[in-house]
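[1] here is the input, now give the coordinates:
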Amino acid sequence: MELAYIPSPSRGVIHLGPIPLRGYAFCIIIGVFVAVWLGNKRWIARGGRAGTVADIAVWAVPFGLIGGRLYHVITDYELYFSEGRDWVDAFKIWEGGLGIWGAIALGAVGAWIGCRRRGIPLPAYADAIAPGIALAQAIGRWGNWFNQELYGKETDLPWALHITSSVDGREPGYYHPTFLYESLWCVGVALLVIWADRRFKLGHGRAFALYVAAYCAGRFWIEYMRVDDAHHILGLRLNNWTALVVFLLAVAYLVISARKRPGREAVVEPGADDPTGGETAAGSEADGGSEAGAKAEPVRDGDDGEAGAKTDEDAEAGAKDGEDQAGDRAKDAAESGSAGKKS
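    Modelled structure (predicted):
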């Protein structure tokens, strides 16, 4: 008896005239906006300028989308380049298929370019944006729900996902909603990173490393539940191995970074604390001095000569007055002396 289940949408695209509005694309776009919004708030709290996160995202997002698509196409090449397939479909990103591993790797390259252009340390930027990326993944996973893809094993649990599509080998039935599991896990990862960052003042990329490690831990068991076709190595899916290796690298970075560079960056964006946009106090004083100089009455060469001549005349007059006064005092003294003799 079916008590409850999660229904799948009858279609993942709505046409607004000739324009297709795809649920998968909407989830990706909303996720990007949330990541930038939260990253901007965290960046400002760390002492950066408003808008810097969005400026760097202009580089990071396109690189991330290309990297995510490349990873998916390379690891699932048979979906696009095997017999009976159309290789043009490899470019149809709106139909689904983004590998988070490639998205993060190439997205980091784009972020590095943006940070380098602004003179900003990439680890500090990564720390600020880490929880937002996790939330973006949580939202983006609902795109798999719209496409009825990436579900788990069959189950009779009340939160089972009802798959109705039979496209690309799908079999209608009730399956574990792995998209939902990963979405909830990513929300938890975002909250964990925010808490740990406030509690331990993580810096130099350690908040981002914590996000990576926590995400990989959840991705490992969620990936193990999925039943979609995938390459296997020693009995494990390729993404399981990827999650394991990346998890170990992230933990190693956390430990080594904490020993070599404890604490967090004091300055994340040079000049962000200057409301004038980078003008120094010395520069302002220099400007003030220049302005004062400009306001001063200009002195002409002729005036200099006249002023000098006038000064000389004053000096001569002063000297003459001094001589006269001395003569008067001497005369008075002589007269006094004569009067004394007569008396």
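[2] where does the stretch 1-150 of the chain dip in pLDDT?
    1-3 (pLDDT under 70).
[3] all helices of it, in order?
    23-45, 52-75, 78-81, 100-118, 122-140, 142-147 (DSSP state H, counting those that start in this stretch).
[4] between those helices, which gets nearest to residue 254?
    Proximity to residue 254 (Cβ to Cβ) singles out helix 122-140 among these, at 12.1 Å. Backbone N, C-alpha and C define where each C-beta goes, glycine included.
[5] what is that closest one packed up against?
    helix 23-45, helix 52-75, helix 100-118, helix 178-200, helix 206-225 (3 or more Cβ pairs under 8 Å, 6 or more residues apart in numbering; DSSP states H and E).
[6] is it possible to export those helices to CSV including mean neighbour count and distance to residue 248?
    As requested, these are exported to CSV (neighbours: other Cβ atoms under 10 Å; distance: least, Cβ to Cβ, whole Å):
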stretch, mean neighbour count, distance to residue 248
helix 23-45, 20, 25
helix 52-75, 20, 19
helix 100-118, 20, 14
helix 178-200, 19, 17
helix 206-225, 22, 9
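[7] tell me the SS of residue 263?
    coil (DSSP: H, G, I helix; E, B strand; the rest coil).
[8] that one: neighbour count?
    Counted with other Cβ atoms under 10 Å, the neighbours of residue 263 add up to 10.
[9] how about it: what's its closest non-neighbour residue?
    Using Cβ to Cβ, 6 or more residues apart in numbering and skipping the chain neighbours, the partner closest in space to residue 263 is residue 203 (6.0 Å).
[10] quick one: contacts for the one you found?
    With contact set as Cβ atoms under 8 Å, 6 or more residues apart in numbering, residue 203 has these partners: 123-124, 127, 261, 263-265.
[11] what about residue 156, how many residues close to it?
    The burial count for residue 156: 10, using other Cβ under 10 Å.
[12] tell me how far it lies from residue 176.
    11 Å (Cβ to Cβ, to the nearest Å).
[13] same question, residue 269
    The gap separating residue 269 from residue 176 is 44 Å, by Cβ to Cβ.
[14] okay, stretch 15-35 in PDB with CA atoms only?
    Only the C-alpha atoms of stretch 15-35 are listed here, as PDB (Å, rounded to 0.1, in the frame of the first residue of the first chain):
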ATOM      1  CA  HIS A  15       7.800  26.900 -22.800                       C
ATOM      2  CA  LEU A  16       7.100  30.700 -22.600                       C
ATOM      3  CA  GLY A  17       6.300  31.100 -26.300                       C
ATOM      4  CA  PRO A  18       9.500  30.100 -28.100                       C
ATOM      5  CA  ILE A  19      11.600  30.400 -25.000                       C
ATOM      6  CA  PRO A  20      12.100  27.200 -22.900                       C
ATOM      7  CA  LEU A  21      12.300  27.700 -19.200                       C
ATOM      8  CA  ARG A  22      14.100  24.700 -17.700                       C
ATOM      9  CA  GLY A  23      13.900  23.800 -14.100                       C
ATOM     10  CA  TYR A  24      17.500  22.500 -14.000                       C
ATOM     11  CA  ALA A  25      18.900  25.900 -15.300                       C
ATOM     12  CA  PHE A  26      16.800  27.800 -12.800                       C
ATOM     13  CA  CYS A  27      18.200  25.800  -9.900                       C
ATOM     14  CA  ILE A  28      21.700  26.500 -11.100                       C
ATOM     15  CA  ILE A  29      21.100  30.200 -11.500                       C
ATOM     16  CA  ILE A  30      19.400  30.600  -8.100                       C
ATOM     17  CA  GLY A  31      22.200  28.700  -6.500                       C
ATOM     18  CA  VAL A  32      24.800  31.000  -8.000                       C
ATOM     19  CA  PHE A  33      22.900  34.100  -6.700                       C
ATOM     20  CA  VAL A  34      22.600  32.600  -3.200                       C
ATOM     21  CA  ALA A  35      26.400  31.800  -3.200                       C
END
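[15] compute the number of surrounding residues for the nearest residue to residue 261 once chain neighbours are set aside.
    Leaving aside its sequence neighbours, residue 261 sits nearest to residue 204 (Cβ to Cβ, 6+ apart; 4.6 Å). Neighbour count of residue 204, defined by other Cβ under 10 Å: 21.
[16] so where's the stretch 151-300 of the chain shaky on pLDDT?
    Counting by pLDDT under 70, the ranges of the stretch 151-300 of the chain that qualify are 274-300.
[17] got the contact list for the most centrally placed residue in the chain?
    Most central in the chain under Cα atoms, centre = their mean is residue 53, positioned 3.7 Å from the mean C-alpha point. Residues in contact with residue 53 (Cβ under 8 Å, 6+ apart) are 36, 39-40, 43, 125, 128-129.
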